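In: Turn this into a structure:
(chains A and B)
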2 protein chains.
Amino acid sequence: MWTRLLDDLVGAVVKTGTLTLPDGTVLRHGDGGAPQVGLILKDPALPGRLVRDPELALGEAYMDGTLEIADDALEDFFRLMTVNTNTSYGTGWFRLIDRAQRVLRFLDTHNPVGRAQRNVAHHYDLSGDLYDLFLDADRQYSCAYWGPGVRTLEEAQAAKKHHIATKLCLEPGMRVLDVGCGWGGLALTLAQDYGVQVTGVTLSTEQHATARARVRAAGLEDRVDIRLTDYRNVEDRFDRIVSVGMFEHVGPLHYREYFTTLHRLLDADGVALVHTIGRLARTRPTSPWITRHIFPGGYIPALSEITGAVERADLLPADLEVLHTHYADTLRAWYDRFMARADKAEALYDARFVRMWRYYLLASEAAFRHGRQVVFQVQLTRAMARVPMTRDYLYPSAGRARLAAE
Amino acid sequence: MWTRLLDDLVGAVVKTGTLTLPDGTVLRHGDGGAPQVGLILKDPALPGRLVRDPELALGEAYMDGTLEIADDALEDFFRLMTVNTNTSYGTGWFRLIDRAQRVLRFLDTHNPVGRAQRNVAHHYDLSGDLYDLFLDADRQYSCAYWGPGVRTLEEAQAAKKHHIATKLCLEPGMRVLDVGCGWGGLALTLAQDYGVQVTGVTLSTEQHATARARVRAAGLEDRVDIRLTDYRNVEDRFDRIVSVGMFEHVGPLHYREYFTTLHRLLDADGVALVHTIGRLARTRPTSPWITRHIFPGGYIPALSEITGAVERADLLPADLEVLHTHYADTLRAWYDRFMARADKAEALYDARFVRMWRYYLLASEAAFRHGRQVVFQVQLTRAMARVPMTRDYLYPSAGRARLAAE
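Out: Below you'll find the model as predicted:
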């Protein structure tokens, strides 16, 4: 029975490409074009689980090794799934199940102060050695900026930090708050290259320890203060606020609280920059496999969810950049580095962890390359006059590159 | 009684600046700072009307000449009003009245095909001679773009058209739809300078006749087609769609219909650009005086209203620029030209019309200069890959200007 239902489900979803079962039965011919992907199911209970909760079961079966992709064509598999679920999750019964599960998962993004800390620990307190396997030396764990002339991951991450710093309209001596400061890379750069005072907050004990050690090593204790605390507990006021790759962990039930807190912490003529993954479609919510195994409590916002919360908090949106492809290229760079050192990751954890991480990096790349997932950079202010009248200040090198080519 | 209530209302609203009655009674000392404005009320019924519907009554009394501003300081008056109503419309009873009126006015923005035509005629079928008094020769009746090096209104309007054309990512031979084409200036420029085929639609018979005559005069009948029709009646498909200063007339009850229609008219890898006035705050709705006397059926959207409708229509937002101050400077240029030729406007209509137009231009300038009113340029696409990965392509001259200065 489950195999027939699985056939129905795949038939409802896959319109482009071909998905086949290992016995040679063609589960679904879409338009017959690429990609062509074969599934190898090694557990008789799997069709049932796949019908009841497809995305979660797929990822877990891959982790467990009960699902394999023929010829190890995991990338083709993700492309097939992403292209076919961009606008719809199928019809009828399957759609109903999908909607019900989304409501439950929405409610699961309640992240009060204590729970937020536990959710953060799940991912960011993993061994620093793991992150060193695939991130750049500065440990920038967010979308890089592949601007003109950028070739390497290191250059792209440096360009990202500079792009964000420019949008903050910094002046030497300003007090800057970095909400979700990670291992301190951005805070150090802002203090060193832009002459500002930075307070960074994180909920990860691993990140906090590493960031503080880096600040000491750089001799910047007088200019960079890293705190292990929830941003909602901060009491000071800042000229500028930056928040990179943290909003994904806030959860829609807390969006208003997030922006209201930013408003409270921001000076009356302050500027803020929020850099977050976003989704362009109302369908295609945050993957349940991702929220269970990678980012508990995570939720990828639609633009309307952000703008509504920003307006209610009385913050003024000054600019919105939508970065497409940049995160796909970033994840590809991470994936290549990770796979080149997969043996080291297996030594740190185990083979199941390596499969999980591979699935995570490739599924995410597909969502950014073929899906409706992007990065939003939202520039906010409490006084529009603080932001230049045109965006030329962000692109001083564009004309320069042109001149060089002429 | 009404005078005392008016005193209460002004007390609830005016926190900054000073507003006085003509007998010398200080109606309200805010913080006592500038601006200081005196009101001269020449009709005993006026306090009552001002309490019941302040914005509408103010504008109408000024038009009728029963309200004057001491020393003719209309600009100071608008600055005072705008600064004090940016975040709140007062408290208690006045707030309740204000909310109720907003609901009624929201419902009044129902603009089906026939009514939309009548609303357009009210404003845009005014004599072309009137518009020639204050617009540039190309009759660009929307926010200009005061980019680097721009000095005159003519240059700023040309820069606006070029900025929009660049965002459309045009290639010669493409089919472009201009929704709300006005007197045809943008359509002519796109055909002449960018080599595209343009279909322009307007509901104004005056604009339609003028635009067609200009197309004939330019010998561009084979490349520019101006139609007198509602955009919802268009049946073709286009590579690109542009809509400048038209969305303000759509009304929130039709936002979803608007973007769904754009989606239907746009090629599968098309790009669109919507240029519209917007508001950054949830308070401060479209002025009731403006919707009665200047733009019936008009409604200024909040960003969340736009993004929500865009998502539901399955269009992908690729970029959002927020232009602040640009429209204030545009309106100031229009105002200066209009006042220099006020005698001609009075000869075309009458003194009441001149007072109405002056009130309209100055109130609008204040909303953009001191208030929460801006212009949104929303770049939309059906395929993100059609839009460049970074926005450098929009700013090729920024680096050039820098080099020249070095």
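In: Excluding residues flanking it in the chain, which one is nearest residue A:143?
Out: With Cβ to Cβ, 6 or more residues apart in numbering or on different chains as the criterion, residue A:143 has its nearest non-adjacent residue at 4.1 Å, and that residue is residue A:327. Backbone N, C-alpha and C define where each C-beta goes, glycine included.
In: what sits against residue A:145?
Out: Shown here is residue A:145, whose contacts under the criterion Cβ atoms under 8 Å, 6 or more residues apart in numbering or on different chains are A:156-157, A:159-160, A:163, A:323, A:326, B:390.
In: Can you point out the helix or strand that includes the residue nearest to residue A:143?
Out: Using DSSP states H and E, residue A:327 maps to helix A:326-340.
In: Mean confidence (pLDDT) on the next helix or strand after that helix, please.
Out: As assigned by DSSP H and E, the chain's next helix or strand after helix A:326-340 is helix A:342-348. For helix A:342-348, mean pLDDT is 95.
In: and the following helix or strand past helix A:342-348, anywhere near chain B?
Out: As assigned by DSSP H and E, the chain's next helix or strand after helix A:342-348 is helix A:351-369. No. In terms of Cβ under 8 Å from any Cβ of the partner chain, no part of helix A:351-369 sits within range of chain B; the closest distance is 9.4 Å.
In: The next helix or strand after helix A:351-369 versus helix A:351-369: what angle between them?
Out: Of the helices and strands lying after helix A:351-369 in sequence (DSSP H and E), the nearest is strand A:373-381. Counting by axes from the mean of the first three to the mean of the last three Cα atoms, to 10 degrees, strand A:373-381 points 70 degrees away from the direction of helix A:351-369.
In: helices or strands up against strand A:373-381?
Out: If contacts are counted by 3 or more Cβ pairs under 8 Å, 6 or more residues apart in numbering or on different chains; DSSP states H and E, strand A:373-381 sits against helix A:153-167, strand A:266-279, helix A:303-312, strand A:316-323, helix A:326-340, helix A:351-369.
In: Please enumerate residues in contact with the longest one?
Out: Helix A:351-369 is contacted from outside by A:59, A:62-65, A:74-75, A:78-79, A:81-82, A:134, A:287, A:289-290, A:293-294, A:324-328, A:331-332, A:334-335, A:338-339, A:342, A:345-346, A:373-374, using Cβ under 8 Å, 6+ apart.
In: Just the CA atoms of the helix holding residue A:327, as CSV, please.
Out: Coordinates of each C-alpha in helix A:326-340 appear next as CSV, following Å, rounded to 0.1, in the frame of the first residue of the first chain:
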residue,chain,number,x,y,z
HIS,A,326,25.7,34.1,-3.5
TYR,A,327,24.9,31.6,-0.8
ALA,A,328,24.8,28.7,-3.3
ASP,A,329,28.4,29.6,-4.3
THR,A,330,29.3,29.9,-0.6
LEU,A,331,27.9,26.5,0.3
ARG,A,332,29.6,25.0,-2.7
ALA,A,333,32.9,26.2,-1.5
TRP,A,334,32.2,24.9,2.0
TYR,A,335,31.0,21.5,0.5
ASP,A,336,34.2,21.1,-1.5
ARG,A,337,36.4,21.8,1.5
PHE,A,338,34.3,19.5,3.7
MET,A,339,34.4,16.6,1.3
ALA,A,340,38.2,17.0,0.8
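In: and it, what does it pack onto?
Out: If you count contacts as 3+ Cβ pairs under 8 Å, 6+ apart, helix A:326-340 packs onto helix A:128-134, helix A:153-167, helix A:351-369, strand A:373-381.
In: from the ones you listed, which stretch is densest packed?
Out: With neighbours taken as mean count of other Cβ atoms under 10 Å in any protein chain shown, these reach their highest mean count in strand A:373-381, at a mean of 24.
In: Which positions in the stretch 151-300 of chain A make contact with chain B?
Out: A:280-282.
In: Now restrict these to buried residues only.
Out: With burial judged by 16 or more other Cβ atoms under 10 Å in any protein chain shown, the buried subset of these is A:280-281.
In: can you put the residues of the stretch 151-300 of chain A next to chain B in CSV and add pLDDT?
Out: CSV is the format used below for those (pLDDT from 0 to 100):
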residue, pLDDT
A:280, 90
A:281, 76
A:282, 71
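In: Residue A:41 against residue A:64, yeah?
Out: No. Residue A:41 is not in contact with residue A:64 according to Cβ atoms under 8 Å; the separation is 11.7 Å.
In: Between these two, which has more neighbouring residues?
Out: Comparing residue A:41 with residue A:64 by other Cβ atoms under 10 Å in any protein chain shown, the one with more neighbours is residue A:41, at 18 against 14.
In: Need the phi and psi values for the closest residue to the more buried one other than its chain neighbours.
Out: Closest residue to residue A:41 apart from its sequence neighbours, by Cβ to Cβ, 6+ apart: residue A:67 at 6.2 Å. Torsion angles at residue A:67 (phi, psi; degrees, to the nearest 10) stand at phi -120, psi 130.
In: quick one: contacts for residue A:67?
Out: Counting by Cβ under 8 Å, 6+ apart, residue A:67 touches A:39-43, A:46, A:58, A:61.
In: Mind putting those into JSON lines with pLDDT and secondary structure?
Out: Converted to JSON lines, those look like this (pLDDT from 0 to 100; DSSP: H, G, I helix; E, B strand; the rest coil):
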{"residue": "A:39", "pLDDT": "82", "secondary structure": "strand"}
{"residue": "A:40", "pLDDT": "84", "secondary structure": "strand"}
{"residue": "A:41", "pLDDT": "84", "secondary structure": "strand"}
{"residue": "A:42", "pLDDT": "84", "secondary structure": "coil"}
{"residue": "A:43", "pLDDT": "85", "secondary structure": "coil"}
{"residue": "A:46", "pLDDT": "87", "secondary structure": "helix"}
{"residue": "A:58", "pLDDT": "90", "secondary structure": "helix"}
{"residue": "A:61", "pLDDT": "92", "secondary structure": "helix"}
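In: which one of those residues sits closest to residue A:100?
Out: Nearest to residue A:100 among the contacts of residue A:67, counting by Cβ to Cβ, is residue A:58 at 18.8 Å.
In: so how far is residue A:394 from the nearest residue to residue A:393 once chain neighbours are set aside?
Out: Spatial nearest neighbour of residue A:393, excluding adjacent residues (Cβ to Cβ, 6+ apart): residue A:166 at 6.7 Å. Distance of residue A:166 to residue A:394, computed by Cβ to Cβ, to the nearest Å: 6 Å.
In: All good on my end, thank you.
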